[in-house]
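**Student:** what's the 3D shape of this:
(one chain, ligands or ions: 1)
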Amino acid sequence: MSIFAVRAPLAWLGPGKLVEDALVVMERGRVVFAGSSKHLAVRFAGEGGSETLSGESAPPEPDEELHVDGFLMPGVVDRHVHIGLSDPGAVLAGGVTGVRDLAWPAETIFSLAEASESPSFNGPLIRCAGPMITCTGGYPTRSSWAPKGTGVEVRGSADAAEAARNLLAGGAAVLKVALNADAGPTLSDEELLAVCEVGHGADVPVTAHCQGRGQVQRAVGAGVDELAHAPWSERLSDDLVQAMAKRMRIVSTLDIHSFGKDTPEVRMALDNLRRFIAEGGAVAYGTDLGNGPIPPGIHVGEVWHLYRAGLSAERLLQALTYRPLAAGEPADLVGLGRNPLENLGALGEVRLVIRAGRRVR
Ligand SMILES: [Zn+2]
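**Tutor:** Prediction:
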C-alpha cells in the first residue's frame, strides 16, 4: 500500500483549524493532504486539474481508505515519560505517537531512541535527555525508581559543561538538571549556568526537576527553559510566576500528585499553574509515565487537571500535540469516538492510531 486516506465527520488539524468532512491523505509516512473534502468533488476542469475551488491542491487518489465515525486529531505527545518503566507498544496503542524521556541510563535510552526512528518500531517516536545532570549524591542517584546511571554526577562548572556536551554528542534532544533539595544536595549556581550555556549554545532546551524551597527561583535565574513538573512544593510569588510566563514552559505532570484524588500537593501545583496560565505561560502535556500508576497512552486524568488549571479545550489540544496535520508533516494521527472539544472524556475513546503513516490500531 502506498497511499492511505482517513476520513471523519470532524477533525482538529491544528490551532484554529477545525474542519468538517475531514480527509487526511498519507504517503511514505508523511501527510500529503489534510483538510475538508467538501470542495474536492468539484475540480477545475482546466489543464492541470489539480486545483480545487478552495484553492488547495487536490490529494492523490488513495489505494486504501478508512472511515472513523468520530474525530481526527494529530497524535498526542507526552513530554515527560520514563519509557523504560512502561510498555512502548501500549503507549502507542493508547494514542501517544511521540514521547520525551526525561531521565534514564545513557547506555539504553539513546539506542532505544534511535530504534524508535524506524516507522515499524512498536512504540512512539522517542526523544530523550539521557541521564539527569546532578551533583555528587544528588537526586536521583539515591532514588529507588532510578536504575544506576539515571543521574550523571558532576563536580564543578567545567565538569558540568563536559557532561552536558557528552549528552548532546550521545543524542540528547533536551538536557535535564536536578534541583531537588528535598532529596539531597543540588547543583551549584555555577554548575547550573554551565549546563544552560552548553544547551543554549547547541540550541537544545534545558528542563529542570525543581523541588524544595527556592529551587524554581534558582532555575529561572540560571535561564532554564522549562520545568519538568508543575511546581508543587511551595507557592510561587506572583512576580516569579509573571517572569516565568514570559520565557518558560511548564510540563504538567499533575496527576502524579493526585492519581484521581484531592491532595495538598495537587492543589499547590494547580494554584501555581493556574496563575502561570493566566499570565500567558506555555504549558505542555506530560504525565511522568513510569512514576506510579499512570496508565500508558492518553491519560484523561491529566487532561482534566489541565482543564481545571484553566486551559480552554482548544489550548488543551495544543498542549497535547506537537505538529499540525498538514501537507509535509509526519503522518501521526489519532481517531477518537467523538469530539473532545465538546467533552474531554472523548480523549479516552481512542479508535484509531497511525504513526508514520502506518496503522497501529
Ligand atoms: Zn520524571
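**Student:** helices and strands around the helix or strand where residue 92 lies, which ones?
**Tutor:** For residue 92, the host element (DSSP states H and E) is helix 88-93. When contacts are defined as 3 or more C-beta pairs under 8 Å, 6 or more residues apart in numbering; DSSP states H and E, helix 88-93 sits against strand 350-355. Every C-beta, even on glycine, is put in place using the N, C-alpha and C of the backbone.
**Student:** what's the spacing between whatever helix or strand residue 177 lives in and its chain's center?
**Tutor:** Residue 177 belongs to strand 175-180 when assigned by DSSP H and E. The chain centre lies 18 Å from the centre of strand 175-180; the measure is C-alpha atoms, centre = their mean, to the nearest Å.
**Student:** ok, back up a step: who's in contact with the helix holding residue 92?
**Tutor:** Helix 88-93 is contacted from outside by 78, 81, 83, 99, 116, 121-124, 126, 289, 296-297, 350, 353, 355, 360-361, using C-beta atoms under 8 Å, 6 or more residues apart in numbering.
**Student:** show me where the stretch 251-361 of the chain has helices.
**Tutor:** Using DSSP state H, counting those that start in this stretch, the helices of the stretch 251-361 of the chain run over 264-278, 300-308, 313-320.
**Student:** the next helix or strand after the helix holding residue 92 pairs with which strands?
**Tutor:** As assigned by DSSP H and E, the chain's next helix or strand after helix 88-93 is strand 96-101. Strand 96-101 pairs in its sheet with strand 76-81 (parallel), strand 125-128 (parallel), by DSSP bridges.
**Student:** what's the closest of the ones you listed to residue 326?
**Tutor:** Proximity to residue 326 (C-beta to C-beta) singles out strand 76-81 among these, at 16.0 Å.
**Student:** for my notes, confirm residue 6 occurs in a strand.
**Tutor:** Yes. Residue 6: assigned to a strand according to DSSP: H, G, I helix; E, B strand; the rest coil.
**Student:** so who does it touch?
**Tutor:** Contacts of residue 6 (C-beta under 8 Å, 6+ apart): 23-24, 26, 65-68, 72, 333, 335, 352, 354.
**Student:** and for residue 253?
**Tutor:** 80, 228-230, 286-288, 291, 302.
**Student:** hmm, 6 Å instead?
**Tutor:** Going by C-beta atoms under 6 Å, 6 or more residues apart in numbering, residue 253 touches 80, 229, 286, 288.
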